[in-house]
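Trainee: Provided below are the primary sequence and the corresponding predicted coordinates.
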Amino acid sequence: MTVSTMINREGRTKLAHSLRQLVDGEITTDQFELFELGRSGDIAINEIWYYATTLYHGLYPYRLRSKHALFQDDREQLERCIMFLNSELEYRWPPFPRMIVWYWLFLIGVLLGSASIILSQLGLHMLAAVLCVVASFLILLVWLCSKHVGARNAQAFWRTGEREVWPFFNRVEYEQAMISAQGNH
């Protein structure tokens, strides 16, 4: 279990504010992506920011309103994230599962596929065919393995604490933070 070595109050406050703006549709997804994480040592900042970025696509900037509005469960999750960031609790979860290696393999597959098209146009049909087969294999491998590995990693992650109250580690922490938040208003 990973434990953050410190709490960066300034960084948490800034991220909580940016999350609030994102959830309320006051800033675009691109503006949220520009949030400066810094190198604070507070893992909560990195993990919550990363989680938030998984709730939207990055194809073009938009606000999380109307047709792009968050699902209620996702909105509640981000509300918990904001409450956690406003608390003085240490982040006790392991790092959120990331699929970076699979994205790189997919990108390589796409690039090889594109190269095979160019080589075919240049008359290098045999080399183009080989690259096309390799590209197809890589893309198929990514599709099959990333689903399996991703699901396994996610299951291991969620077994660490109480999923229903993430980023709080357990219900007791969550309920204490709720009481504290009500006392501050």
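Mentor: Structure received. Numbers count the residues shown, from 1 in each chain.
Trainee: unless I'm mixing things up, residue 169 is touching residue 177, no?
Mentor: No - at 11.0 Å, residue 169 does not count as touching residue 177 under the criterion of C-beta atoms under 8 Å. (Glycine included, C-beta is placed from N, CA and C.)
Trainee: any shared contact partners between these two?
Mentor: Taking C-beta atoms under 8 Å, 6 or more residues apart in numbering as the contact rule, residue 169 and residue 177 both touch residue 89.
Trainee: skipping adjacent residues, who's closest to residue 14 in space?
Mentor: residue 35 (7.3 Å; C-beta to C-beta, 6 or more residues apart in numbering).
Trainee: ok, that neighbour to residue 48 distance?
Mentor: 11 Å (C-beta to C-beta, to the nearest Å).
Trainee: which neighbours do those two share?
Mentor: Counting by C-beta under 8 Å, 6+ apart, the residues touching both residue 35 and residue 48 are residue 15.
Trainee: which of the three states applies to the residue lying closest to residue 167 once chain neighbours are set aside?
Mentor: Take residue 167 and drop its neighbours on the chain: the residue closest to it by C-beta to C-beta, 6+ apart is residue 84, 4.5 Å away. Three-state call for residue 84 (DSSP: H, G, I helix; E, B strand; the rest coil): helix.
Trainee: let me know the pLDDT of the residue sitting furthest away from the middle of the chain.
Mentor: Within the chain, the residue lying farthest from the chain centre (C-alpha atoms, centre = their mean) is residue 123, at 42.8 Å. Looking at residue 123, its pLDDT is 89.
Trainee: compare residue 35 and residue 48 (neighbour count), which wins?
Mentor: Each of residue 35 and residue 48 has its neighbours counted (other C-beta atoms under 10 Å); residue 48 has more, 26 against 20.
Trainee: helix or strand for that one, which one?
Mentor: helix 43-53 (DSSP states H and E).
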